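# give me coordinates for this.
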Amino acid sequence: MEGPSVTTAAGPTLPKELVDLLVEFSVGMVKAAIYPPGHPILDTVSTGVLGRLNAVLATRPALVIGVAPMQLIVDAIATDPNHPVLRALATRLHQHQIGSIRITPGVTVDELERLMQTLGTAGSGIDRPLGLEGPDVLAQWPHLRLMALSFSSLALADGETLSIDDAEALWIRLVQIALPDLAVSGTEIEHALPATVAEAIERHEGDTEYDQTVMIVLYQLSMAINTRGGRDASGTRLRVSALVQKLGQRTLERLLHLGGDATRRRRFLQEVVGAVTTNAVLALAVAAATVSQQTISTAMRGMLSKLASQAEEGTGDQAAIADVALRQQVTELIERWTRGETDPSVYRAALDRLAARDPMARPTDEATPVEPSRVLAIGLEIETLGSSMWPAIDEMITRGEIEGLMDLVDQAPAAWMRDALWAAIATPARLDALTRRHPFPHRSVERLITRMGIAAVPVLVDALEAVTDPATIERYLGLLEQIGAPVARALVPHLTIVRWTTLRSLLVLLGRHPTWTSAYDPGAFSTHPDVGVRREAIRELLRDARQQGATMAWAFVDPDETIVRLSLAAAMGHCPREVASVLKVRADDELLRPEMRALAVRAVAGHTAPETPIWLASRVMRPARLLRRATLLPTTPELLAAVEGVAVHWGSHPAGREVLTLAAMSNDPAVRAATMVRRRGG
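Prediction:
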């Protein structure tokens, strides 16, 4: 399928009538998500969109709107990627795997309303993309059609659709992409050998769209495996792992290059690293290093290989420790590469020692003949990790002497020994056990988290899920906060699976640290059913200057007054044209209280457009007619806000001077006081 050609920023720009149509369509989607069918406001918006649409269709047989990740494409011309409303619309459609929208003459108001409701009320995450729905959804209107961002021949049999947690179905979809000539159903496709699938993917070198589709489904498949986990997805996990291992390094690098910037590539890798076996993790790490223009040192490679071997061949805690250590180390490498860092030289000596020994090989049933603390102290003194040390560690933890254990380990003279012992002590299982103790061993938990870093996040989130009182919630948020900036990215996979109350708490935590770089998309939660979640998501979006305009446009029509106030406060400082247009509509919305409408008027007053003072004047006075002089309208909060806006921003404008002169003669002291607000430049 050929994609649309996108004109660069240096080329022509989209005509104004098309930009206005797309902006009004986007606003209509927002209103369709709020107001029920048949509501007068929705009818008004739909009629306005239809009027602009008919004007465009008068000169063409059809209007096709292409969708790119951050831009819309019409007539081979892309919209401005920095336009907040159009960027938000493009992102929303792309998340739903919509490749294009086709509109033909004859479209009706009813069709437009139903289209805007379908797009406006559907979830904004990628969990259930509209592009995976069948013709009953994508082609339900006579003059409108949504085109999926996929190969037309890859739909499942009988109109079957996929959900993000259906790992088996997503594997079938991946096989369909790689081997489109196979039968769509039956055991042949379900049990296609990973090696065969890998060979097919490798043969498509140079086919960017094919590779992008593979990447999308592989990402979704990894999410499904990580969400279901355990035996429910074990068969699919093994197939995906074998596929990754069978793909040549050149092919893996080719796919990773399609991830775009380093941040997106990191997000993809983190999801896949959690979904495959340890040997596949190693293959991904090597490919990621090449794509990131980094080098894995010999010592690091040796340590990762030993951990992978131990995780695959070991048993019980031994294998679990190695598995966690490997994934944590690879994740940290990817994080450093994303920031452009190389392996810190201070770790080289420790890595060499770890690579030369096998710190995980230990029996678990060996008795400790003397005091375990003494056994451990002797081993540390002679720099030897003998077989008796591991039972000694277990015994000290069983006795509740973990503080003493950690003190001893921290005093180890050799850095490689400290690292090896901490790898055995600082495990998710031990942290989980500590969080269940009464009284809560706060200092021990803090020390464990300091060593574990982001590996502690799943345990802390699970613990947070189990509590309800504010003090305990705040305790766990504080422990997550202790991990520092890396916790932001580590929390992302949990945001879509935790309870609403926990989600709200996690968003509050992320909101406390706006400088922490996170891969989560607040827009995915801007229409969440829980008002607390929506507030935190919108608060985060309003901090981003690139998304502020689009966020305000969405937030202004939210039914929660606090969210509306947040957006209005942001608009006071910056009110671009597209936001001012929405605010003017909201200023007349009788569903808002007068005080809120007044805030909308104040925000519009700061919009530096020539029509603004005229609009403000129309809200203050009746114009002069024939022998009648101009007169003030009845005093309302909106009128007072308009007078203040004129006094602050437009005192030197002719229309502004007329408003202030008339208001200064009012019998109402509140109106006269509004004219005395400190003026700017007038």
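
# G523 reaches A88, doesn't it?
Yes: when contacts are counted by CB atoms under 8 Å, G523 is listed as touching A88 (7.1 Å). Using the backbone N, CA and C atoms, a C-beta is placed for each residue, glycine as well.

# list the residues that contact both of the two?
Q547, T551 (CB atoms under 8 Å, 6 or more residues apart in numbering).

# element containing the closest residue to A587 other than its chain neighbours, please.
Among residues not flanking A587 along the chain, A600 sits closest, at 4.4 Å (CB to CB, 6 or more residues apart in numbering). Secondary structure from DSSP states H and E places A600 in helix 594-605.

# show me which residues of that helix are buried.
Across helix 594-605, burial judged by 16 or more other CB atoms under 10 Å covers M596, R597, A598, L599, A600, V601, R602, A603, V604, A605.

# about what we covered before: what's near enough to touch the residue nearest to A587?
Counting by CB under 8 Å, 6+ apart, A600 makes contact with F556, L568, L583, K584, R586, A587, L592.

# which residues are contacting stretch 611-628?
Residues external to stretch 611-628 that are found in contact with it (CB under 8 Å, 6+ apart): 580, 584, 587, 601, 604-605, 630-633, 638-639, 642-643, 645-646, 649-650, 653, 655-656, 658-659, 662-663.

# coming back round to it: mind putting the buried residues of helix 594-605 into TSV with pLDDT and distance to G48?
Shown next, in TSV, are the buried residues of helix 594-605 (pLDDT from 0 to 100; distance: CB to CB, whole Å):
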residue	pLDDT	distance to G48
M596	86	23
R597	87	21
A598	89	25
L599	89	24
A600	87	19
V601	91	22
R602	88	25
A603	88	22
V604	89	19
A605	88	24
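
# dump these into a markdown table; add distance to R451 as well.
Formatted as a markdown table, the buried residues of helix 594-605 follow (distance: CB to CB, whole Å):
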| residue | distance to R451 |
| --- | --- |
| M596 | 50 |
| R597 | 55 |
| A598 | 55 |
| L599 | 49 |
| A600 | 52 |
| V601 | 56 |
| R602 | 52 |
| A603 | 49 |
| V604 | 54 |
| A605 | 55 |
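
# closest to E332 out of those residues?
Using CB to CB, A603 comes nearest to E332 of the buried residues of helix 594-605, at 44.7 Å.

# can you name every helix or strand that the longest helix seen in the chain contacts?
In the chain, with assignment by DSSP state H, the single longest helix is helix 316-338. Helix 316-338 sits against helix 262-273, helix 278-291, helix 298-313, helix 415-425, helix 428-435, with contacts defined as 3 or more CB pairs under 8 Å, 6 or more residues apart in numbering; DSSP states H and E.

# for the record, mean pLDDT for it?
In this model, helix 316-338 has an average pLDDT of 75.

# list the buried residues of that helix.
317-319, 321-331, 333-335, 337-338.

# what secondary structure does R145 sit in?
Judged by DSSP: H, G, I helix; E, B strand; the rest coil, the three-state class of R145 is strand.

# pretty sure it contacts E111?
No: in this structure, R145 is not within contact of E111 by CB under 8 Å, at 10.7 Å.

# from S222, how far off is the closest residue to Q140 other than its chain neighbours?
Nearest in space to Q140, with sequence neighbours left out and distances taken as CB to CB, 6+ apart, is R114 at 7.6 Å. Distance of R114 to S222, computed by CB to CB, to the nearest Å: 35 Å.

# the two: which is more packed in?
S222 (24 against 17; other CB atoms under 10 Å).

# what helix or strand does the more buried one sit in?
In this structure, S222 sits in helix 208-228 according to DSSP H and E.

# average pLDDT for that helix?
The predicted model gives helix 208-228 an average pLDDT of 73.

# what's the following helix or strand after it?
helix 234-246.
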